[in-house]
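Trainee: build me a structure from this.
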Amino acid sequence: MEATAKNNVLIIERSSPAMVQPEYETPEGSIFLTSIDQVAVVHVPSVYCFDRSDANVVDVIKQALAKVLVHYYPLAGRLAINSRGKLVVDCQNKLGVPFVEAIADCNITNLGDVRILDGDVLGKLVYKEPTQDKLEAAPLLTAQITDVSNMKALYEEQQLVYKSFLFDAEKLAALKRMATKDDQVTSRCSSFVALAAFVWRARSMALNMKLHQQTKLLFPVNFRSRLRTLLPDGYFGNAVAMPCCLCTMGDLIEEPISASVERIKKAIESVTEDYIRSKIDFLDMHRFEGFPTGTLVINSWTSLEHGSTDFGWGEPRFGTGDVSSLTCLFMAEGREKGIMVVLGLPLSAMDTFNKLVCDLNGA
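Mentor: Here you go, the predicted model:
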């Protein structure tokens, strides 16, 4: 991995920046800068490396930053030019400090001497705000927290195994009981939602994700019936959206499965016409660059009419192959037999996932 990192193939996945403000109210107005401070305005990128602890690193540093900004409140402001044409720090323009959480595909020790990091690697470890080159809009401080994902190595070092699991009526009923046994959700819970919640949790546990790591669930939702304006006659293009459920592994496994069900139901309900139009605008501006580590994409094919293809030889037995390691398929298993779940996992993770499915028999 050291050679890979030095060849500038370090992969960093960043969250959207959140603006951190001082924990308490701070003075406003502007702060005069001396002529010495007017000479050169530059951003200095720097990397601090620490050994991990069991604490939620992101929350610890974010809270610490909010406390520090009470005393160093000018850093939450922006530069401005006064009536004399001189630079000042505008403390009334409290836009805050951009704070970004990121995940790397290797350990910091694999990058070699951090005192002389390659420019490309440094650029991935230090967040650069898009406005950084605009003097009066650029933040005076940015912060990026990077944790390490070990899933890439798991996929590279172990054989990828594909397996199918039948969730019959009895197992689906057990999942629904688990999903609705408290007051967090209503008694109405579809088979898809209950099964998706279980698979999301079980797969994340099987991959032994760290508690601080983010895990993301995506699934296609047909939005044809959700539009105020009907699609034109003859339209046969794509009409699906991919709403997202996102949380840390710690939240996912510490909360009851009913909470995961609620996350999924809210994601489905979020697919409105406004959501679709916003998504299209976003995709027009940003190129799709693939899914980050820790993502699960569930495609439900249970409603597809595979059995309607009839050449006079009876119903076909439908199959597929070359399923992405990030993808899980839900497939109908005959009439009234249940749902077949198809996915691929590293060998050790598949053993764990299989055990979690077997444990449902006693639920």
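
Trainee: number of nearby residues for Pro130?
Mentor: For Pro130, the tally of surrounding residues (other CB atoms under 10 Å) stands at 10. Any C-beta I mention is one placed from the backbone N, CA and C, and that applies to glycine too.

Trainee: please enumerate the strands of the stretch 1-150 of the chain.
Mentor: Taking DSSP state E, counting those that start in this stretch, the strands of the stretch 1-150 of the chain run over residues 12-14, 18-20, 30-32, 78-81, 87-90, 97-104, 143-148.

Trainee: check which helices and strands the second one sits against.
Mentor: Spelled out, that is strand 18-20. Contacting strand 18-20 under the criterion 3 or more CB pairs under 8 Å, 6 or more residues apart in numbering; DSSP states H and E are the following elements: helix 57-71, strand 97-104.

Trainee: how does it look with 6 Å?
Mentor: In terms of contact count using 3 or more CB pairs under 6 Å, 6 or more residues apart in numbering; DSSP states H and E, strand 18-20 is assigned the packing partners strand 97-104.

Trainee: sorry, back to before: which of the strands of the stretch 1-150 of the chain sits closest to Val126?
Mentor: Minimum separation from Val126 across the strands of the stretch 1-150 of the chain (CB to CB) falls at strand 143-148, 6.2 Å.

Trainee: buried set for that closest one?
Mentor: By 16 or more other CB atoms under 10 Å, the buried positions in strand 143-148 come out as 143-146, 148.

Trainee: closest one to Glu333 out of these, please.
Mentor: Val148 (39.2 Å).

Trainee: check what pLDDT the closest one gets.
Mentor: The predicted local confidence for Val148 comes out at a pLDDT of 66.

Trainee: ditto for the one 5 residues further on
Mentor: In this model, Ala153 is scored at 71, pLDDT.

Trainee: backbone dihedrals for Ala349, please?
Mentor: phi -70, psi -40 (degrees, to the nearest 10).

Trainee: okay, the nearest residue to it once chain neighbours are set aside: pLDDT?
Mentor: Counting by CB to CB, 6 or more residues apart in numbering, the nearest residue to Ala349 once its immediate chain neighbours are dropped is Ala206, at 4.1 Å. In this model, Ala206 is scored at 92, pLDDT.

Trainee: how does this protein divide into domains?
Mentor: For the chain, the structural domains run 7-148, 153-362, going by automatic domain parsing.

Trainee: centre of the chain to the first one, how far?
Mentor: What it means is domain 7-148. 22 Å (CA atoms, centre = their mean, to the nearest Å).

Trainee: ditto for stretch 245-257
Mentor: Relative to the chain's own centre, stretch 245-257 is displaced by 12 Å; criterion: CA atoms, centre = their mean.

Trainee: so where's the stretch 251-363 of the chain uncertain?
Mentor: Per-residue confidence for the stretch 251-363 of the chain (pLDDT under 70) gives these ranges: 289, 293, 305-309, 315-322, 334-336, 362-363.

Trainee: quick one: the helices in it?
Mentor: Assignment of helices within the stretch 251-363 of the chain using DSSP state H, counting those that start in this stretch yields the ranges 257-269, 273-285, 347-358.

Trainee: list the contacts for the closest residue in space to Lys210 that isn't next to it in sequence?
Mentor: Across the structure, with CB to CB, 6+ apart as the measure, the residue nearest Lys210 apart from its sequence neighbours is Met249 (6.3 Å). Under the criterion of CB atoms under 6 Å, 6 or more residues apart in numbering, the contact list for Met249 reads 204, 209, 211, 213, 215.

Trainee: what pLDDT does Met249 get?
Mentor: Confidence for Met249, expressed as pLDDT, is 88.

Trainee: how far away is the residue nearest to Ala349 from Pro292?
Mentor: Between Ala206 and Pro292 the computed distance is 18 Å (CB to CB, to the nearest Å).

Trainee: more neighbours, these two?
Mentor: With other CB under 10 Å as the criterion, Ala206 and Pro292 differ in neighbour count, and Ala206 comes out ahead with 21 against 17.

Trainee: ok, that one to Ile253 distance?
Mentor: 12 Å.

Trainee: correct me if wrong: Asp271 contacts Ala241.
Mentor: Careful, residue 271 is Val and not Asp. Yes - contact status for Val271 versus Ala241: in contact at 4.9 Å, counting by CB atoms under 6 Å.

Trainee: what touches both of the two?
Mentor: When contacts are counted by CB under 6 Å, 6+ apart, the set common to Val271 and Ala241 consists of 221, 223.

Trainee: which one's more surrounded, these two?
Mentor: Of the pair Val271 and Ala241, Ala241 is the one with more neighbours under other CB under 10 Å, namely 22 against 19.

Trainee: residues in contact with that one?
Mentor: If you count contacts by CB under 6 Å, 6+ apart, then Ala241 has 221, 223, 271, 276 around it.

Trainee: mind listing the residues bridging to the closest residue to Gly96 other than its chain neighbours?
Mentor: Excluding its sequence neighbours, the residue lying closest to Gly96 (CB to CB, 6+ apart) is Met19, at 3.4 Å. As for beta bridges, Met19 partners with Pro98 under DSSP bridges.

Trainee: how many neighbours does Met19 have?
Mentor: 12.

Trainee: same check on Met285?
Mentor: Using other CB under 10 Å, Met285 has 6 neighbouring residues.

Trainee: quick one: contacts for Val41?
Mentor: Shown here is Val41, which makes no contacts under the criterion CB under 6 Å, 6+ apart.

Trainee: and it, what's its pLDDT?
Mentor: The confidence metric pLDDT takes the value 74 at Val41.

Trainee: do Ser35 as well
Mentor: With respect to pLDDT, Ser35 scores 76.
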